[in-house]
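# Next comes the sequence, and after it the predicted model I'd like to discuss.
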Amino acid sequence: MGMLTLGALGVVYGDIGTSPLYTMKEVFNPSHGVPLDAQNIIGAVSVIFWALMVVVTLKYVVLILRADNRGEGGIMALTALAAAGTPARRTVLLLTGVLGAAMFYGDSVITPAISVLGAVEGLESITPAFKPFVLPISVAIIVALFMVQRFGTGAVGKWFGPIITVWFAVLGVTGALQIVQQPDILAALNPLEAIAFLQARGWHLFLIMGSIVLALTGAEALYADMGHFGARPIRLAWTGLVLPSLALNYMGQGALLISDPGALASPFYRLFPQTMLIPAVLLATAASVIASQATISGAYSMTKQAIQLGLLPRMRILNTSEQEYGQIYVPLVNWVVLAAVVLATVGFGSSSALASAYGIAVTVTMFITTLLTFFVVHHVWKYSLTLAVAATAAFLVIDAVLVISCSLKIMQGGWFPLVMGAAIFAVMA
């Protein structure tokens with residue numbers, strides 16, 4: 001169980017673990033018009049913390065990880081369960097699930113690009129002279145990542161697990177050091193601060209939530225990767241290390257911004273003293289490579305399930321572990337996704353530009369996942385209609401807000417993953 005948990009850390013949680021690199025900077029993007037004062041900083045951190053608690057912990061870790069289809073997770077597994085439980089709606093549910101899966105593929109293109117670029121841009125914090133090298137270094141790292149996929153998620157997880165464990169420890173420690181200096185940020189643990197912050201935004205809350213969703217990157221991949229490691233190691237890793245480290249780091253960045261609003265240019269890297277910047281950038285770059293793994297391995301699992309359901313043509317699938325049946329490698333998917341990721345990296349050129357593209361595809365998938373979960377809870381697990389609605393209605397409302405928020409970014413780049421997803425949907429449907 002220990003090795004599986006370590007592997008889950010390396011494969012499943014790298015994505016959500018590197019969100020602190022860019023989330024706070026985007027939430028307080030000047031175009032959003034949110035004053036950078038103590039009250040708003042506390043409110044924004046509170047929204048991030050409670051989004052992690054409600055969307056990731058309650059929805060995915062507690063509820064949706066229970067919905068496994070013979071050990072497999074992800075939206076295609078959920079679709080198969082829902083369709084089997086409600087034969088009369090089988091076609092509609094299958095098409096709905098296929099749309100969600102297609103959008104997940106669109107997200108699997110954006111995530112590696114934004115994660116790697118967000119980390120390598122830390123070179124600019126050391127000296128602006130590194131700026132011309134950010135893009136070529138990012139592309140080289142991405143190509144190398146896809147080249148090692150053939151060794152399998154088990155082997156990759158063994159390499160990545162120790163690194164990402166150090167990464168989360170660093171997130172927690174650097175955040176805690178700032179919290180000690182500015183303990184007022186602990187008010188963010190109060191959900192009323194999050195509610196007050198969003199209420200004060202009015203209709204602009206959709207702009208803010210379009211940035212808050214960056215803190216949730218990897219939530220859907222968490223479920224998609226269940227077949228690689230199983231639900232229990234994923235849960236252990238989240239509650240034991242990932243959630244506490246993320247909470248400490250976001251609050252630490254908030255504490256730093258209260259003390260020094262000028263740190264907004266790079267709030268994550270400003271957590272480190274100047275002498276530690278180079279090691280911090282190197283560690284962040286390693287973590288960002290690992291971050292891309294969640295959606296890549298999730299795309300493999302999704303492809304295998306789609307083939308089993310007859311939604312994609314047969315293709316070569318390699319089992320990469322003698323112990324874990326779910327650990328696979330799909331060469332065609334690997335190279336197609338690599339080409340698309342490189343295209344997105346070069347085309348958008350920066351993590352801020354990619355932040356505008358990120359969100360719409362994955363939030364559509366998250367909404368559809370919640371919708372399908374209702375049918376599984378009611379028709380497969382045989383819970384009452386009242387209980388099924390109670391278990392999913394609040395999540396549906398949150399997901400709908402996130403979809404609307406991210407749809408505002410379609411013209412700024414959100415069209416890219418939608419086009420990718422639409423192309424995949426056309427093939428699968």
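Done, it's in. Being a predicted model, the structure only gives us computed values, none of them experimental.

# pLDDT weak spots in the stretch 51-200 of the chain?
In the predicted model, the stretch 51-200 of the chain carries pLDDT under 70 at residues 152-158.

# how far away is A299 from S405?
When Cβ to Cβ, to the nearest Å is applied, the distance between A299 and S405 equals 25 Å. No exception for glycine: its C-beta is placed from N, CA and C like everyone else's.

# more neighbours, those two?
Shown here are A299 and S405; by other Cβ atoms under 10 Å, A299 has more neighbours (24 against 21).

# Any chance of the backbone angles for that one?
Here the main-chain torsion angles of A299 (degrees, to the nearest 10) amount to phi -60, psi -40.

# Grab the nearest non-local neighbour of it.
Using Cβ to Cβ, 6 or more residues apart in numbering and skipping the chain neighbours, the partner closest in space to A299 is S108 (4.6 Å).

# got the CA positions of stretch 361-371 in PDB?
Coordinates of each C-alpha in stretch 361-371 appear next as PDB, following Å, rounded to 0.1, in the frame of the first residue of the first chain:
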ATOM      1  CA  ALA A 361     -13.100  21.900 -21.100                       C
ATOM      2  CA  VAL A 362     -12.400  20.400 -17.700                       C
ATOM      3  CA  THR A 363     -15.400  22.200 -16.000                       C
ATOM      4  CA  VAL A 364     -17.700  20.700 -18.600                       C
ATOM      5  CA  THR A 365     -16.300  17.300 -17.800                       C
ATOM      6  CA  MET A 366     -16.700  18.000 -14.100                       C
ATOM      7  CA  PHE A 367     -20.400  19.000 -14.600                       C
ATOM      8  CA  ILE A 368     -21.100  15.900 -16.600                       C
ATOM      9  CA  THR A 369     -19.300  13.700 -14.000                       C
ATOM     10  CA  THR A 370     -21.700  15.100 -11.300                       C
ATOM     11  CA  LEU A 371     -24.700  14.500 -13.500                       C
END
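
# Just give me how far it sits from the chain centre.
Average the C-alpha atoms of stretch 361-371, do the same for its chain, and the two points are 13 Å apart (Cα atoms, centre = their mean, to the nearest Å).

# just checking, next helix/strand downstream of the helix or strand harbouring A102?
Using DSSP states H and E, A102 sits in helix 90-120. Once helix 90-120 ends, the next helix or strand along the chain (criterion: DSSP H and E) is helix 123-126.

# what's the closest non-adjacent residue to L214?
The shortest distance from L214 to any non-neighbouring residue, by Cβ to Cβ, 6+ apart, is to T23 (4.4 Å).

# residues contacting the one you found?
By Cβ atoms under 8 Å, 6 or more residues apart in numbering, the residues touching T23 are 48, 211-212, 214-215, 250.

# Kindly state the pLDDT recorded for it?
The pLDDT attached to T23 in the predicted structure is 92.

# Could you tell me how far the residue with the largest distance to the centre of the chain is located from A82?
When distances to the mean C-alpha position of the chain are computed (Cα atoms, centre = their mean), the maximum falls on A88, with 33.5 Å. Plainly put, A88 is 12 Å away from A82 if you go by Cβ to Cβ.

# Could you do L385 as well?
Note on L385: its distance to A82, by Cβ to Cβ, is 15 Å.

# between the two, who's got more neighbours?
Counting neighbours by other Cβ under 10 Å for L385 and for A82 shows that A82 has the greater number, 28 against 10.

# wait, that one sits on T370?
No - taking Cβ atoms under 8 Å as the contact criterion, A82 and T370 are not neighbours in contact, 11.5 Å apart.

# which residues touch stretch 44-56?
If you take Cβ under 8 Å, 6+ apart as the criterion, stretch 44-56 is touched by 16, 23-24, 27-28, 34, 185, 187-191, 193-194, 197-198, 208, 212, 215-216, 219, 222, 238, 243, 246-247, 250-251, 253-254, 366, 394-395, 398.

# Mind checking which of these are buried?
If you count burial by 16 or more other Cβ atoms under 10 Å, the buried members of the contacts of stretch 44-56 come out as 16, 23-24, 27-28, 34, 185, 187-189, 193-194, 197-198, 208, 212, 215-216, 219, 222, 238, 243, 246-247, 250-251, 253-254, 366, 395, 398.

# Among these, which lie within helices?
Of the positions in those, 16, 23-24, 27, 193-194, 197-198, 208, 212, 219, 222, 243, 246-247, 250-251, 253-254, 366, 395, 398 sit in helices, assigned by DSSP state H.

# Show me how far stretch 45-58 is from its chain's centre.
On the basis of Cα atoms, centre = their mean, stretch 45-58 sits 13 Å off its chain's mean C-alpha point.

# Report the buried residues of it.
Judged by neighbour count using 16+ other Cβ under 10 Å, the buried positions of stretch 45-58 are 45-52, 55-57.

# a markdown table for those, including distance to A344?
Listed next are the buried residues of stretch 45-58 as a markdown table, based on distance: Cβ to Cβ, whole Å:
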| residue | distance to A344 |
| --- | --- |
| V45 | 29 |
| S46 | 32 |
| V47 | 27 |
| I48 | 25 |
| F49 | 29 |
| W50 | 30 |
| A51 | 25 |
| L52 | 26 |
| V55 | 25 |
| V56 | 25 |
| T57 | 30 |
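
# Just give me the closest of those to S351.
I48 (17.4 Å; Cβ to Cβ).

# Now name the helix or strand holding that closest one.
Here I48 sits within helix 38-51, counting by DSSP H and E.

# Next, the angle from the helix or strand following that helix to helix 90-120.
Taking DSSP H and E as the definition, the helix or strand that follows helix 38-51 towards the C-terminus is helix 75-85. Note on geometry: by axes from the mean of the first three to the mean of the last three Cα atoms, to 10 degrees, helix 75-85 and helix 90-120 are set 160 degrees apart in direction.

# same for helix 75-85, what does it pack against?
helix 90-120, helix 219-224, helix 293-308, helix 360-375 (3 or more Cβ pairs under 8 Å, 6 or more residues apart in numbering; DSSP states H and E).

# Summarise which helices and strands the second one is packed against.
Read that as helix 219-224. Identification of packing neighbours for helix 219-224 by 3+ Cβ pairs under 8 Å, 6+ apart yields helix 14-17, helix 75-85, helix 90-120, helix 293-308, helix 360-375.

# in the longest one, what counts as buried?
Buried residues in helix 90-120, defined by neighbour count with 16+ other Cβ under 10 Å: 93-94, 96-120.

# likewise the fourth one?
Along helix 293-308, these residues count as buried under the neighbour rule (16+ other Cβ under 10 Å): 293-307.

# Just give me the least confident of the residues you listed.
Of all the buried residues of helix 293-308, the one the model is least sure of by pLDDT is A294, with 66.

# Figure out the helix or strand that V143 lives in.
helix 134-147.
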